[in-house]
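Undergrad: model the following, please.
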Amino acid sequence: MNKVVPIYPGWLVHAGLFFCAALVIGSSSYTFGLFVVPVTSELGFDRASISNGYIALLLGVALLSPLIGRLLDLYSARMVILTGGLSYSLGLYALTLSDNGYIIIALIFLPIAYGYTACGTLAVNTVIVRWFQKRRGRALGIMAASTSAGGFIMAPFTAAMIDGFDWRVALQINSGIVLTAVLLMVALLIRNHPTSSTAGYAEEFPESEENAAGHDRSSGTRAMPYRDLLRQRNFWLITLAIGLMLFCDQAMVTAQAPYFQDIGIDLTSAAFILSCMTASAIGGKLVVGHLSDKFDLRFIFIFVAAVHIALQVLYLLGPSYWTLLIFATLFGIGIGGVYPAWSMLTAAYFGTQSYGSVLGLMTIITKAMAILGVRMVGEIYDTYASYEPAFYVFIVAASVSIVLAFLLESKVSADTKSR
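TA: Below you'll find the predicted structure:
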């Protein structure tokens, strides 16, 4: 009779983190646009004013990330995630009680942004890298898909709540769902880190790995001071390389649909292309995560950046609908790989003890570069009545990121090194 192999407890922790991140990000980034029309209609805001809410979220996340990253390194990650869930849910509910634009912006900028960060990518990836080493890339790749899964679930659900009730009730329902989910996941599944007595620990953390001995101690005992991080050459190489990728990605989020329409593709067909790219990006997160466990991480990142360049070249050629659909879907694999590549590079070059601090500090810069990209692509279109000059800028940005990746020292996966 075959012996039943027990599941590694890290996957149960992973499931709890996945659920939290999916609901928080799915009920914010992926549903923001659904509230534009009902909120502007009821409260009399213009579209430009309502867009300030999303900018407030991005700025809040950028400014709060170093603080939350440090808290994750120094204190219990479970408690940070729990306070994040409480802050996010109370912030959502408070939005429904105010008609004042300044109060709404303040609520998004502080309690909602805090909760978004403390339950989102920064927090969940910090815990994941503590629980996984041999299969870290695979775990981070699956976790990266949580955002897309959250959007897939929460966007249609929220739309139904808005149609069936109103935008205030929809926010209140989402607030209750997130709070309940975070409380349950923290109580039942999420744990800070494994110990040497955890089932499957020896297989996940080979004795030859330098990080294996650190999990029996408090997570904050070796957190690197920020002044030391800022002196690290690798910190700046990774931050700028990823920032350039997000500079391209976030700008294209706003530019792709109108570009498709500019070259004669109707809105429905354009939406279908974007849907196929999104599905492909989910697969890309899993593929890049899996490959990150086996190959030099620099080359994984270079592949991701090269796909970005290929996509911009495709757009410059002004292809037919079917050509665009086929190749944009294929290139989506690389687009989805940015976040797992970022997570793996950070863990490989800085380890687990300072992971939250490093990622939090990086986020200030990468978010600023992303906001710059969003602003730039709009300015270029207004000036030239075309997105083509922006595509050339994106090609240059992705090319520079490849050069930055080459300047990193060689780092291969834990799985490769242990063989």
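Undergrad: tell me how this structure divides into domains.
TA: Recorded structural domains for the chain (assignment: automatic domain parsing) are 9-214, 226-408.
Undergrad: any chance of the ones you listed in JSON lines, plus mean neighbour count?
TA: C-betas here are computed from N, CA, C, even on glycine. Listed next are the domains of the chain as JSON lines, based on neighbours: other CB atoms under 10 Å:
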{"stretch": "domain 9-214", "mean neighbour count": "20"}
{"stretch": "domain 226-408", "mean neighbour count": "20"}
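Undergrad: need those in JSON lines (columns: mean pLDDT).
TA: Formatted as JSON lines, the domains of the chain follow (pLDDT from 0 to 100):
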{"stretch": "domain 9-214", "mean pLDDT": "89"}
{"stretch": "domain 226-408", "mean pLDDT": "87"}
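Undergrad: surely Ala123 meets Ile68?
TA: Yes. The pair Ala123 / Ile68 is scored as a contact, 7.0 Å apart, by CB atoms under 8 Å.
Undergrad: identify the contacts common to those two.
TA: Taking CB atoms under 8 Å, 6 or more residues apart in numbering as the criterion, Ala123 and Ile68 both touch 80, 84, 117, 356.
Undergrad: for the last one, what are its contacts?
TA: Same thing as Gly356. 68-73, 77, 122-123, 126, 223.
Undergrad: quick one, helices of the stretch 201-350 of the chain?
TA: 201-204, 226-229, 233-262, 267-292, 297-316, 321-335, 338-350 (DSSP state H, counting those that start in this stretch).
Undergrad: quick one, which of those gets closest to Ile105.
TA: Nearest to Ile105, of all the helices of the stretch 201-350 of the chain, is helix 233-262, at 20.1 Å by CB to CB.
Undergrad: circling back: in helices only, show me the contacts of Gly356.
TA: 68-73, 77, 122-123, 126 (DSSP state H).
Undergrad: so which of those is the closest to Thr180?
TA: Closest to Thr180, out of all of the ones in helices among the contacts of Gly356 and judged by CB to CB, is Ala123, at 18.2 Å.
Undergrad: now the residue most central in space within the chain: how far from Ala187?
TA: Nearest to the geometric centre of the chain sits Thr121, at 5.1 Å (CA atoms, centre = their mean). Thr121 sits 22 Å away from Ala187, going by CB to CB, to the nearest Å.
Undergrad: Gln353 now?
TA: Counting by CB to CB - Gln353 and Ala187 are separated by 26 Å.
Undergrad: for Ala348, same thing?
TA: From Ala348 to Ala187 the distance is 32 Å (CB to CB).
Undergrad: what about the helices in the stretch 1-150 of the chain?
TA: 9-26, 36-43, 47-74, 77-95, 101-107, 113-119, 121-131, 136-144, 146-164.
Undergrad: save these as a markdown table, and put in distance to Phe247 too.
TA: Shown next, in a markdown table, are the helices of the stretch 1-150 of the chain (distance: least, CB to CB, whole Å):
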| stretch | distance to Phe247 |
| --- | --- |
| helix 9-26 | 20 |
| helix 36-43 | 25 |
| helix 47-74 | 13 |
| helix 77-95 | 27 |
| helix 101-107 | 25 |
| helix 113-119 | 20 |
| helix 121-131 | 18 |
| helix 136-144 | 19 |
| helix 146-164 | 19 |
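Undergrad: among those helices, which is nearest Asp228?
TA: helix 47-74 (13.1 Å).
Undergrad: out of the shared contacts of Ala123 and Ile68, which comes closest to Phe331?
TA: Nearest to Phe331 out of the shared contacts of Ala123 and Ile68 is Thr117 (CB to CB; 29.4 Å).
Undergrad: residues contacting that closest one?
TA: So Thr117 contacts 60-61, 64-65, 68, 84, 123 (CB under 8 Å, 6+ apart).
Undergrad: just to revisit the earlier point, in JSON lines: the shared contacts of Ala123 and Ile68, plus distance to Leu34.
TA: Shown next, in JSON lines, are these (distance: CB to CB, whole Å):
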{"residue": "Val80", "distance to Leu34": "29"}
{"residue": "Gly84", "distance to Leu34": "23"}
{"residue": "Thr117", "distance to Leu34": "22"}
{"residue": "Gly356", "distance to Leu34": "31"}
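Undergrad: looking at the residues you listed, which two lie furthest apart in space?
TA: Greatest spatial distance among those (CB to CB): Gly84 and Gly356, at 12.7 Å.
Undergrad: overlap in contacts, these two.
TA: In contact with both Gly84 and Gly356: 68, 123, using CB under 8 Å, 6+ apart.
Undergrad: quick one, grab the pLDDT at Asn2.
TA: On the pLDDT scale, Asn2 is placed at 54.
Undergrad: tell me the angle the helix or strand where Arg375 lies makes with helix 77-95.
TA: Take DSSP states H and E as the rule and Arg375 turns out to sit in helix 355-384. On the basis of axes from the mean of the first three to the mean of the last three CA atoms, to 10 degrees, helix 355-384 is oriented at 40 degrees to helix 77-95.
Undergrad: just want the angle from helix 355-384 to helix 47-74.
TA: Computed by the same axes, to 10 degrees, the angle separating helix 355-384 from helix 47-74 equals 160 degrees.
Undergrad: starting at the chain centroid, how far to helix 355-384?
TA: Helix 355-384 sits 14 Å away from the centroid of its parent chain (CA atoms, centre = their mean, to the nearest Å).
Undergrad: return the helix or strand following that helix as PDB; C-alpha atoms alone will do.
TA: Next along the chain after helix 355-384, taking DSSP H and E as the criterion, comes helix 388-406. Only the C-alpha atoms of helix 388-406 are listed here, as PDB (Å, rounded to 0.1, in the frame of the first residue of the first chain):
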ATOM      1  CA  GLU A 388       3.300  55.500 -31.000                       C
ATOM      2  CA  PRO A 389       5.900  57.800 -29.400                       C
ATOM      3  CA  ALA A 390       5.000  56.300 -26.000                       C
ATOM      4  CA  PHE A 391       5.700  52.800 -27.400                       C
ATOM      5  CA  TYR A 392       9.200  53.900 -28.400                       C
ATOM      6  CA  VAL A 393       9.700  55.200 -24.900                       C
ATOM      7  CA  PHE A 394       8.600  51.800 -23.400                       C
ATOM      8  CA  ILE A 395      11.000  50.000 -25.700                       C
ATOM      9  CA  VAL A 396      13.900  52.100 -24.400                       C
ATOM     10  CA  ALA A 397      12.700  51.600 -20.800                       C
ATOM     11  CA  ALA A 398      12.500  47.800 -21.100                       C
ATOM     12  CA  SER A 399      15.900  47.700 -22.800                       C
ATOM     13  CA  VAL A 400      17.500  49.700 -19.900                       C
ATOM     14  CA  SER A 401      15.900  47.200 -17.500                       C
ATOM     15  CA  ILE A 402      17.700  44.400 -19.300                       C
ATOM     16  CA  VAL A 403      21.000  46.100 -18.900                       C
ATOM     17  CA  LEU A 404      20.300  46.600 -15.200                       C
ATOM     18  CA  ALA A 405      19.500  42.900 -14.900                       C
ATOM     19  CA  PHE A 406      22.900  42.000 -16.500                       C
END
